[in-house]
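Peer 1: build me a model from this:
(one chain, ligands or ions: 1)
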Amino acid sequence: MKIAVIGLGVLGAAAARSLAAAGAEVTVFERTAPLAGTSGTSFAWTNSHSKNPRSYHDLNVTGMAEHAELAKESGANWLVRTGNLEWAEDAAGAERLAASVAELTGRDYPVDWITPRRAGELVPDLRVPSGVQDIAFYPTEGHVFPALLVARLWGEARERGAELRCPATVTGLSEVDGRARVELADGTADFDAVVLATGRWTETLTAAAGHRIPMADPDAAGSATVGLLGYTNPLPTRLNRILTTPKLNVRPDGGGRLIVQGLDLDAHADPAGPPAADGDHARDLCSRLTGLLAGTSGARLESLRVGQRAMPADGLTVAGFLDGSGKIYALATHSGITLGPLLGKLAAQELLTGHPADSLADFRPQRLIGKSDLPTLQPARFAGQQ
Ligand SMILES: Cc1cc2nc3c(=O)[nH]c(=O)nc-3n(C[C@H](O)[C@H](O)[C@H](O)COP(=O)(O)OP(=O)(O)OC[C@H]3O[C@@H](n4cnc5c(N)ncnc54)[C@H](O)[C@@H]3O)c2cc1C
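Peer 2: Predicted coordinates for the structure are as follows:
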């Protein structure tokens, strides 16, 4: 089977790998460069916090397990699965955290309450604020280095014959004589099927194919789709796991660099006017970091980026054929780092065998196609999910 994949972020790379592994002849069309989209600017925490309804929680848990499976096959330089520490610093936050832990426990999701002393054993340079007694530890969570994950997925696709056309902008999609036609600036190419993995640009191409999937506006300043991520200089601090704390989320980014995120600052994130790496927000993030981890005094940001989330308009995953002809398959989701390898595998199975995956039943594009009156999504700082 000849299959085109459009977009080479985490989802496109995962789909290309699974399709090529199953024997499909795969061509990937990427407009700019691998990782040019959201996958290149992501906090990349593998988790299933505050993910509702239950089927979406379960999908994310299965996504975490798929990372672990992939890691077993030939090692994983892209995955650090050492858990996450979280705490609250005021009464309202403590109530929210207790409710979230209770919900997760009820779902058999691994989480333990630990003491600040135990947290200090896990992260020796951690400065837990005085007054914090209870820390939630989620041992199966972790973080990904997205470039290394795409290297692994796309590398294995390439070894099995997948080809990349880049730069190549797909301008339209259609079904012609029972085949899927990809339209490009310099002509057309026909395939047995197409996988659309164009992230936050999904609405444009699905509209061109006559089945518009509404996406939350990725350019809206201060909205649910935008988030600031600070990338520090290399720092002599001991941190080998994720911290999600009231003032700062932080994770290692290799070579002593850290990625920092203050969700309350996302209200100021504007893709049209990214803040300076040495401006007020940057200084604020660095000062929060120094309060949280020893060894970070003098920290500075090498860059402060505005990430733009790929969010189907109801906030949930889209996975499935655009119509009954089974020629154009759309994959679009937030939490695509957690879900990427799983969604790539399931999409390839559905395309090549025709058997629908039960776990995707709630995530078909038909629930959204043509809809325009969906409520506005809550920003991550209120929704409690990443
Ligand atoms: C601030 C922030 C924090 C996040 N934190 C987390 C987290 O902690 N955990 C988690 O799981 N997820 C997180 N995410 C979400 C996650 O990063 C994304 O869901 C994921 O990267 C989306 O991958 P993708 O492959 O769908 O899209 P992308 O990476 O955007 O890839 C789409 C590709 O398609 C290409 N393309 C678009 N249109 C065309 C066209 N017409 N022709 C050819 N190519 C085209 C683009 O150039 C791009 O390379 C976060 C996102 C942000 C912004």
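Peer 1: rest of the way, CA atoms for contacts and neighbours
Peer 2: Will do.
Peer 1: and the stretch 151-300 of the chain, which residues reach the ligand?
Peer 2: Residues of the stretch 151-300 of the chain lying close to the ligand by Cα under 6 Å from any ligand atom are 168-171, 197-201, 227-228.
Peer 1: list only buried entries from those.
Peer 2: Neighbour counting over those (16 or more other Cα atoms under 10 Å) leaves 168-170, 197-201, 227-228 as the buried ones.
Peer 1: can I get the residues you listed in a markdown table including pLDDT?
Peer 2: Shown next, in a markdown table, are these (pLDDT from 0 to 100):
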| residue | pLDDT |
| --- | --- |
| 168 | 98 |
| 169 | 98 |
| 170 | 98 |
| 197 | 98 |
| 198 | 98 |
| 199 | 98 |
| 200 | 98 |
| 201 | 98 |
| 227 | 97 |
| 228 | 97 |
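Peer 1: and the strands in the stretch 51-200 of the chain?
Peer 2: If DSSP state E, counting those that start in this stretch is used as the criterion, the strands of the stretch 51-200 of the chain fall at 79-80, 84-86, 112-114, 135-138, 142-144, 163-165, 170-176, 179-184, 187-191, 193-196.
Peer 1: likewise the stretch 201-350 of the chain?
Peer 2: Counting by DSSP E, counting those that start in this stretch, the stretch 201-350 of the chain has strands at residues 226-232, 242-244, 249-252, 258-261, 301-308, 318-321, 328-332.
Peer 1: now the ones you listed as JSON lines including distance to residue 37?
Peer 2: Formatted as JSON lines, those follow (distance: least, Cα to Cα, whole Å):
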{"stretch": "strand 226-232", "distance to residue 37": "13"}
{"stretch": "strand 242-244", "distance to residue 37": "23"}
{"stretch": "strand 249-252", "distance to residue 37": "20"}
{"stretch": "strand 258-261", "distance to residue 37": "18"}
{"stretch": "strand 301-308", "distance to residue 37": "8"}
{"stretch": "strand 318-321", "distance to residue 37": "18"}
{"stretch": "strand 328-332", "distance to residue 37": "13"}
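Peer 1: among those strands, which is nearest residue 158?
Peer 2: When these are compared by Cα to Cα, strand 328-332 sits nearest residue 158, at 20.5 Å.
Peer 1: that closest one packs against which elements?
Peer 2: strand 193-196, strand 318-321, helix 336-353 (3 or more Cα pairs under 8 Å, 6 or more residues apart in numbering; DSSP states H and E).
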